[in-house]
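Participant: Next one to model:
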Amino acid sequence: MIVRPQDYLVRLRPRADTLYASQSRTVLATDRDGFVRDGADHGLFVRQTRLLSLYRYLVNGEPPRPVALSNVEQHTWLGYYIALPPGVKEERDPGSGQMETISEQTLELRLSRYIGDGLHEDVDLTNFTQQRTAFTLTLEVDADFADIDETKGERQQTGETKREWREADGTCELQFDYTVEHTYNNQEGTGTKHLHRGLMLRVENAANVPSYKDKQISFDIELEPLGTWHACINLIPFIDGQWLKPLYGCRSFAGTHNEYDRRRHIFLNEATHFTAPQGNTLTNVVVGALEQAKRDLAALRLYDLDQGERAWTMAAGLPVYVALFGRDSLTAAWQAALVSTDMMKGTLPELARWQGREVNDWRDEQPGKMLHEAHDGPVKMLNISSRLRYYGSITTSGFYPVVASELWHWTGSKYLARALVEPAMKALKWLDDYGDLDGDGFYEYQTRSEQGVRNQAWKDSADAIVYEDGASVEPPIATCEEQGFAYLAKLHMSEVLWWLDEKDEAKRLYHEAEELKKRFNEAFWMEDEGYFALGLDAQKRQIKSITSNPGHCLATAIADEALVPRTALRFIEDDLFSGWGVRTLSSKHPAYNPYSYHRGSVWPVEHGTFAIAFARYGYHRVVELIAQTQFEAAALFDFYRLPELFSGHQRDVDHPFPAFYPQACSPQAWSASAVFCLLQAMLGLYPYAPLNMLLVDPYMPEWLPEITLQNLRVGDAVVTIRFYRTKGGAGSYEVLDKRGSLHVVRQPSPWSLTAGFAERLKDALTSLLPGK
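Facilitator: You can find the predicted model right below:
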C-alpha cells in the first residue's frame, strides 16, 4: 500500500516554538503559551520595532495553564487558559477520567486578540467553581524598543525609556516613551538622527481600577459562581510623531470593522476563486493551497503603501521581512496575476517612487536602479544601517520591465502601460550604463557600500556563489539568470513600446535582446555538462557549479531552443531534484548542505517559475512533476502553506518529509504566489488582453482531474472556466460564464517545441467553434 503525503500525520510549521498573529506592519510573536517573556524572537513588533518585550498574565502570582491556543485568522487569535482558585490543592481523581482538580474547579481566562496597527485584547474571566472566589489577575508588561535585527544580537542603539501610569475617568494608561539620537559617520556623510517612538497600554471597560508597580498591572477580582469579568487592553503605538489609531474593538472575530478589513474583503471577493469536486486525489490540497495563498498575500499587504483600494503591494514575509522588498514584491505580484492584477498595479508604481536618483555608495544607489529593500526599524531610521533605503540587487532592475509587460498582457491598458514605460526604461538604462561593469555585454554586480550585500543576484546570501570545488567566488560576477531577466526585459518592453507606437525604440530593444541571447549561449553553455554555467567570474571563466539558476534561463527563453532538451534532462536528475523539488545546488557538489540558504535547499518560489519554463516548451510531464511534488510538499505543512524554503534531503523511505531551514519565514509572499504559477503552467494559460485573448492548453494529471477558475479577469472581461481530464486522459476545458469581450483559444505556448503547425491550426480552429 502506498501512503500519500496528504494521508500522512505529518504537519510541519517553521519556527514551531513561536506563535504569530499579524496584519500588515504589526506582528505579535509569542512563546507557545501565548505570552512574551523576553525571548529573542518574541514581542509586539510595529514598524520593525519591538514595542512589547514582556507581556504575561498571572493568576495569584502563577501563570495560568494554556489548554487551547490558535489563530482564528492571520490577524486574530484566541487562547483558553485555566487556573485553580485560591486555597484549592491540585489532586488527581483515581476514577476513569483521571480528572485533575483544575478541570473540576476552574477559573477560566480567555484572551481574544485582534492585530492591526497595534493590538486590541479582550480579557474575559469566568468562575466555573461552585463558590465565591477572590484572586488577583496580574499583567506583566514592559517595552524595550529594539530593532528587529537587535533582538538576537548586540544592541546598536540605546535611548531613554520613560514609563508613566495614569488613571482618569475609569480608564488607566501605561505610557512608554522612547527617544534616542545617533551621530553617524559613514559613506553618506556625517550627521545626527533622532527617533521618537512609544506605546500606550490602555485599560478600558474594567469593572475595577487596577494598580501598577514594577512592570505589573494588577486587578483584584471577586467572582460569584459562574460570574464573569471583562476588560479591554488596547496597545496603541506611537510612531514618528503619530499615534496609530486602534483598528478593532471588543468581539471582532467576524465582520468588517475598519478600512483594512474592507479592502481585504474587496480583494478576496473579487479575486479568482478555485473549486473542484472532492475526491481521492491531490485535488483538496491543491484547492486548499490556492485559497490559503490568497489569504496569506492579503495578510502581508502593506496598507500604508496602497495606490488605491485595488492597487497594493505586500511585505516579503513573516516575521523577518515585514517590509518592502523590490524583487520579492515584483515576483509575488507577477506570479499571483492569475488571482488578481491588484498587486502588480500597486507594486510597480510604488517601486517607481523609490527608483534610484543619485550615486550613493552607502546605499548602492545609482540613477535608475530599482530598490532592493526599505526598512523602518530604529537602526535603519538612525542611519546606523544602510537599509532604510537600499539598492543592492541587480535582479529588481532587470525584472521590473518584465512585470510591467505582464501587467500589459493581463490588462491591455495603455493608460497603465504608458505610466510604467519611463521607470522601466530607466531601469534598462541603469543595466546598460551601470550594470555592465566591464563593457563585455553581460550584467555583473559588485557592492560599493561598506555594509553592502556581497552577492546581489537572484541568490543573495554571502556564500551562495561557489566554484565547482566549493571555493567562494569573488565579485564582480555575472550570473546566468540575470542575463535572462535582462533579455526578457528588453524583449517584452520592445513589444509594449511597439503597441504604444514607439517603434524605433522597440526595434532597438529587440535587437539588443537578440544579441544578448547569442552572446549568452556562446559564453554560458557547458557542452560537457549539457547545462548552463552558474555564471562568469571576474576573469570571465565559467562557474561550473550545477545549480537551479539555469531554470530561470529556460523561463526567460534566453536559452537557445536547441539546448533546451539537454538542459531539461539535467534539471531533473537526482542530484538536483530531491523528490520534493529542485535543489539550489547539486547534492554532488562539495559545498552542498541541505540546510544551507542557497547551497542545497529547496525554494518553492523557483518552482512556479520553473513550471512556467517547461510549459513554454511543451514539456508537460516535467511541469506535472514539478507541480505535483510542490503540492505534495504543501500537504505536509500547516494550512497547506509553503514556507520560504525547506531542506534538500532526498525524498525516500527514510525521509518521509523534509526538514526546515531554521529561520524560514511563513507566510512568505513569493512562496504563496508560486502555487498560482504551478496551476497556470498546467493549464497552459497565457493571457493577451491587448487582443482580448486567453490562450489555454490544459494538461490535467490524474491527481488533478478537474478544477474550475471562477471570475478570472483578463482585460475588461471576466470568465469562469472548467478544466478537466477526459476519459482518454487528455486535458480539455469548458467556458461556463463570460462577461465582456474575450476569445478563449486552445493553443500551445508560442515557444512549444512539441507542437507542429498542423496541431496548432487544428487546435485554433477547434477553439473557435460555438461553445468555446
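Participant: Count the residues that sit near the residue nearest to residue 408 when sequence neighbours are not counted.
Facilitator: With sequence-adjacent residues excluded and distances taken as CB to CB, 6 or more residues apart in numbering, residue 408 is closest to residue 417, at 4.8 Å. Every residue, glycine included, has its C-beta placed from N, CA and C. For residue 417, the count of nearby residues is 20 (other CB atoms under 10 Å).
Participant: Repeat that for residue 537.
Facilitator: Neighbours of residue 537 (other CB under 10 Å): 19.
Participant: For the most centrally placed residue in the chain, which residues are in contact?
Facilitator: When the chain is reduced to its mean C-alpha position, the nearest residue by CA atoms, centre = their mean turns out to be residue 669, at 1.5 Å. Applying CB atoms under 8 Å, 6 or more residues apart in numbering, we find residue 669 in contact with 296, 297, 300, 314, 315, 316, 317, 328, 329, 332.
Participant: can you check residue 535 too?
Facilitator: 457, 465, 473, 477, 478, 479, 480, 524, 542, 543, 549.
Participant: With residue 545 as the reference, measure out to it.
Facilitator: 9 Å (CB to CB, to the nearest Å).
Participant: do residue 554 as well
Facilitator: 18 Å.
Participant: Same question for residue 60.
Facilitator: For residue 60, the distance to residue 545 - CB to CB - is 61 Å.
Participant: related to what we said a few turns ago, name the nearest residue to the residue nearest to the centre of the chain, ignoring sequence neighbours.
Facilitator: Residue 669 sits nearest to residue 332 (CB to CB, 6+ apart), 4.0 Å away.
Participant: For that neighbour, what is the enclosing helix or strand?
Facilitator: Using DSSP states H and E, residue 332 sits within helix 326-335.
Participant: With just CA atoms, put the next helix or strand after that helix into CSV.
Facilitator: Using DSSP H and E, the next helix or strand after helix 326-335 towards the C-terminus is helix 342-353. What follows is helix 342-353, C-alpha atoms only, in CSV (Å, rounded to 0.1, in the frame of the first residue of the first chain):
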residue,chain,number,x,y,z
ASP,A,342,-4.2,44.4,-8.0
MET,A,343,-0.7,43.5,-6.7
MET,A,344,1.0,44.5,-10.0
LYS,A,345,-1.0,47.7,-10.1
GLY,A,346,0.3,48.6,-6.6
THR,A,347,3.8,47.3,-6.7
LEU,A,348,5.0,48.8,-10.0
PRO,A,349,4.1,52.4,-9.2
GLU,A,350,5.4,52.1,-5.6
LEU,A,351,8.8,50.8,-6.8
ALA,A,352,8.9,53.6,-9.4
ARG,A,353,8.6,56.0,-6.4
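Participant: Scan the chain for its longest helix.
Facilitator: For the chain, the longest helix by residue count, based on DSSP state H, is helix 503-524.
Participant: Count the neighbours of the residue nearest to residue 749 when sequence neighbours are not counted for me.
Facilitator: The shortest distance from residue 749 to any non-neighbouring residue, by CB to CB, 6+ apart, is to residue 616 (5.0 Å). Using other CB under 10 Å, residue 616 has 23 neighbouring residues.
Participant: and if you look at residue 142?
Facilitator: Residue 142 has 17 nearby residues by other CB under 10 Å.
Participant: can you check residue 422 too?
Facilitator: Quick note: residue 422 (other CB under 10 Å) scores 11 neighbours.
Participant: Let's verify it: helix, strand, or coil?
Facilitator: helix (DSSP: H, G, I helix; E, B strand; the rest coil).
Participant: which residues touch residue 521?
Facilitator: Neighbours of residue 521 in contact, by CB under 8 Å, 6+ apart: 558, 559, 560, 563.
Participant: Now the third one. Its backbone dihedrals?
Facilitator: Read that as residue 560. phi -60, psi 140 (degrees, to the nearest 10).
Participant: which intervals of the stretch 651-772 of the chain have sub-threshold pLDDT?
Facilitator: 750-772 (pLDDT under 70).
Participant: ok, now with 50
Facilitator: Residue ranges of the stretch 651-772 of the chain with pLDDT under 50: 757-758, 760-762, 764-772.
Participant: where do the strands sit along it?
Facilitator: Along the stretch 651-772 of the chain, the stretches classed as strands by DSSP state E, counting those that start in this stretch are 686-688, 693-696, 706-714, 717-725, 731-739, 743-746.
Participant: Of all those strands, which one is nearest residue 206?
Facilitator: Ranking the strands of the stretch 651-772 of the chain by proximity to residue 206 (CB to CB) places strand 706-714 first, at 46.2 Å.
Participant: name the helices or strands packed onto that closest one?
Facilitator: The helices and strands touching strand 706-714, judged by 3 or more CB pairs under 8 Å, 6 or more residues apart in numbering; DSSP states H and E, are strand 273-275, helix 283-299, strand 717-725.
Participant: deepest of these, which one?
Facilitator: helix 283-299 (a mean of 23; mean count of other CB atoms under 10 Å).
Participant: how big is the angle separating that one from helix 326-335?
Facilitator: Angle, helix 283-299 to helix 326-335, by axes from the mean of the first three to the mean of the last three CA atoms, to 10 degrees: 130 degrees.
Participant: With adjacent residues omitted, what lies nearest to residue 589?
Facilitator: Excluding its sequence neighbours, the residue lying closest to residue 589 (CB to CB, 6+ apart) is residue 545, at 6.0 Å.
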